[in-house]
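Peer 1: next come a sequence and a model predicted from it.
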Amino acid sequence: MKPTWILPGSVGCLLLAFPAQAAQLNRWQFNPDTHVLELTTESTAAPRVQVLAQPTRVVVDLPSTQWPVGREIQNFQRGQVRQVRVAQFDETTTRVVVEFHPGQTVQAQQVQVQAVGQGRWRLQLPGGVVAAAPVQPELLQNQPNQGTGAILRGVRAIEGGIFLQTQGQTGATRVQRSADGRQVWIDLGNTALSPGYQPQPLPQLTQLGVQNMRVVQVANQPPVTRIVLQVQPGQTQWQVQVQQIGRMGGVMLVRGGQTPPVVATQPSPVTAPDHWGIAANPEPVAILRPEMQPQSWALGSFPVENFQTYTSPFGPRWGRFHYGLDLAAPEGSYIRSWWDGRVVEIFNDAGCGTGIVVQSGQWEHIYCHLRGRAAKDSQGVYLLDANSGLSIRQGQWVTAGLRIGRVGMTGRTTGPHLHWGLRHAGRWIDPAIVLREMYAQQNRERTFSQRAS
């Protein structure tokens, strides 16, 4: 078919022609060399595109589209684009944010939106090398996806096996079993576990001889995701089939094949290239990583008022990785900005709930499960939280200790708390390490002040 180019300014005119039926974003892929963003949806509604500053980013809203896997982030080490984020913005809109490195500028007329098929869109962003080749067709059966590593999104039981829904190219795989024949370990190399993954009950597994199943990311540099099957004695014959099913990638775990080798203890993960920026076991950054240390940690602010207790630490939890620290507080308690910075994003997400991202140099601090929701008016995106007395807008500069939200129950949560995440240069950092150093410096300064007086 002949491609149709749509400038961002004309996209809104097309929205009236399509019904507001909720569909799903099936696949997205960004090429850091060509600066091409490809989107495959079940909806025929055209995307809405806007260019924002501080930091420079292209925001793509997909109306009448759902993104059920939670907030997904992909960082890039090369090229002008620093990061791509995908999340559910509100009840009917999925948002894709392409953020550029500092110093880059983008004009709205430089972004081209191309309809290349039913529900398929191709966005050419400035700064990349435009490929001369024609638009590629749908991926063929068993054709690998040329992405930067795979992300495991979901798991479901099917007839004769287990289907793992992935995006991107899965690397080397390995199957091993315990000496007692009761456990099978299946490692997927080059594969990270999506932050939006939530384990679901799968009673059908008993028909396959599986009593229990866990999915956990066991390595980060390189990323490796492990499926642990608790099986009935002797039911250890499993094999891995990496496939392309329809428009989505997938890994099939099926019964049969050769009996896997025996290991005495839980095996170390298979290795694969590093494509996932997670500092799962960070060193005390203030002590061993001086380039990550602000002038004084003592200038930071504890992020929540009326703090009660820590409920979930940074690290593996319930078969997935927990990318932050959970701080319990009564619902409605105020949340404070940890550091001076700019509010770069206010969003609604199925997992994180209502969230705010503040950028402070190379640091990002993420606040989840806030009361209220992200809303938009003629001046942009803001936090709508009635009776809070707050006025927080995207792009606003905030200081350490400034109230930016309130503890709520939005997203996936079992009780009122703040989920607080920290990243430095795109890598997740354990917030507890930062808090410990912050308290240590504040105590030292308090001691020095008392001695001086």
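Peer 2: Right, received. Where do you want to start?
Peer 1: Val218 contacts Val228, doesn't it?
Peer 2: No: counting by CB atoms under 8 Å, Val218 does not reach Val228; the two are 9.4 Å apart. The way it works is simple: take the backbone N, C-alpha and C, and place the C-beta from them, glycine included.
Peer 1: who has more neighbours, these two?
Peer 2: Between Val218 and Val228, counted using other CB atoms under 10 Å, the more crowded position is Val218 (20 against 17).
Peer 1: check contacts around the more buried one.
Peer 2: Going by CB atoms under 8 Å, 6 or more residues apart in numbering, Val218 touches Asp187, Val224, Thr225, Arg226, Pro269.
Peer 1: is it possible to get TSV of those residues that adds secondary structure?
Peer 2: Formatted as TSV, the contacts of Val218 follow (DSSP: H, G, I helix; E, B strand; the rest coil):
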residue	secondary structure
Asp187	strand
Val224	strand
Thr225	strand
Arg226	strand
Pro269	coil
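Peer 1: by neighbour count, which of those wins?
Peer 2: With neighbours defined as other CB under 10 Å, the most crowded of the contacts of Val218 is Thr225; it has 30 neighbours.
Peer 1: beta-bridge partners for it, please?
Peer 2: Thr225 has these beta-bridge partners by DSSP bridges: Leu188, Gln217.
Peer 1: quick one: residues contacting it.
Peer 2: By CB under 8 Å, 6+ apart, the neighbours of Thr225 are Leu152, Asp187, Leu188, Thr191, Ala192, Leu193, Val215, Val216, Gln217, Val218.
Peer 1: surely the second one touches Arg174?
Peer 2: When you say that, I think you mean Asp187. Yes: look at Asp187 against Arg174 with CB under 8 Å: they come within range, at 4.7 Å.
Peer 1: low-confidence ranges in the stretch 301-450 of the chain?
Peer 2: 317-320, 442, 444-450 (pLDDT under 70).
Peer 1: mind listing the helices for it?
Peer 2: For the stretch 301-450 of the chain, applying DSSP state H, counting those that start in this stretch gives helices covering 431-452.
Peer 1: just to revisit the earlier point, quick check, nearest of the contacts of Val218 to Gly415?
Peer 2: Comparing the contacts of Val218 against Gly415 with CB to CB places Thr225 closest, at 28.2 Å.
Peer 1: and Ala87, how far from Leu229?
Peer 2: Computed as CB to CB, to the nearest Å, the Ala87 to Leu229 distance reads 31 Å.
Peer 1: picking that back up, max pairwise distance over the contacts of Val218: which two?
Peer 2: Thr225 and Pro269 (8.8 Å).
Peer 1: what do the two both touch?
Peer 2: By CB under 8 Å, 6+ apart, the residues touching both Thr225 and Pro269 are Asp187, Val218.
Peer 1: quick one, helices of the stretch 151-300 of the chain?
Peer 2: Using DSSP H, counting those that start in this stretch, helices in the stretch 151-300 of the chain cover 285-288.
Peer 1: which stretches of it have low pLDDT?
Peer 2: Looking at the stretch 151-300 of the chain by pLDDT under 70, you get 195-196, 198, 220-221, 243-249, 257-298.
Peer 1: how close does Arg153 sit to Leu164?
Peer 2: With CB to CB as the criterion, Arg153 and Leu164 are 9 Å apart.
Peer 1: re the thing from before, nearest to Gln54, of the contacts of Val218?
Peer 2: Using CB to CB, the contacts of Val218 come closest to Gln54 at Thr225, 35.8 Å.
Peer 1: ranges for the strands of the stretch 101-250 of the chain?
Peer 2: Using DSSP state E, counting those that start in this stretch, the strands of the stretch 101-250 of the chain run over 112-117, 120-124, 150-158, 161-167, 173-178, 183-189, 191-193, 210-220, 223-231, 238-245, 248-255.
Peer 1: name every strand pairing with the shortest one and say which way it goes.
Peer 2: When you say that, I think you mean strand 191-193. Strand 191-193 is paired, per DSSP bridges, with strand 150-158 (parallel).
Peer 1: returning to what we had before: who's more crowded, Arg153 and Leu164?
Peer 2: When neighbours are counted by other CB under 10 Å, Arg153 and Leu164 differ, and Leu164 comes out ahead with 25 against 20.
Peer 1: was I right to think the more buried one contacts Ile227?
Peer 2: Yes: counting by CB under 8 Å, Leu164 touches Ile227, with 7.4 Å between them.
Peer 1: mind listing what's buried along stretch 76-93?
Peer 2: The neighbour-count check on stretch 76-93 (16 or more other CB atoms under 10 Å) flags 76, 79-90, 92-93 as buried.
Peer 1: is the spatially most central residue of the chain bridged to anything, and to what?
Peer 2: Central residue of the chain (CA atoms, centre = their mean): Glu72, 2.6 Å from the mean position. Note on Glu72: beta-bridge partners by DSSP bridges are Val86.
Peer 1: so it sits against Ile151, correct?
Peer 2: Yes: shown here, Glu72 and Ile151 form a contact pair, counting by CB under 8 Å, at 6.9 Å.
Peer 1: now for the two: what residues contact both?
Peer 2: Ser194.
Peer 1: picking that back up, deepest of the strands of the stretch 101-250 of the chain, which one?
Peer 2: Ranked by mean neighbour count, the strands of the stretch 101-250 of the chain are led by strand 191-193 with a mean of 26 (mean count of other CB atoms under 10 Å).
Peer 1: from the chain's centroid, how far away is that one?
Peer 2: Relative to the mean C-alpha coordinate of its chain, strand 191-193 is positioned 11 Å out (CA atoms, centre = their mean, to the nearest Å).
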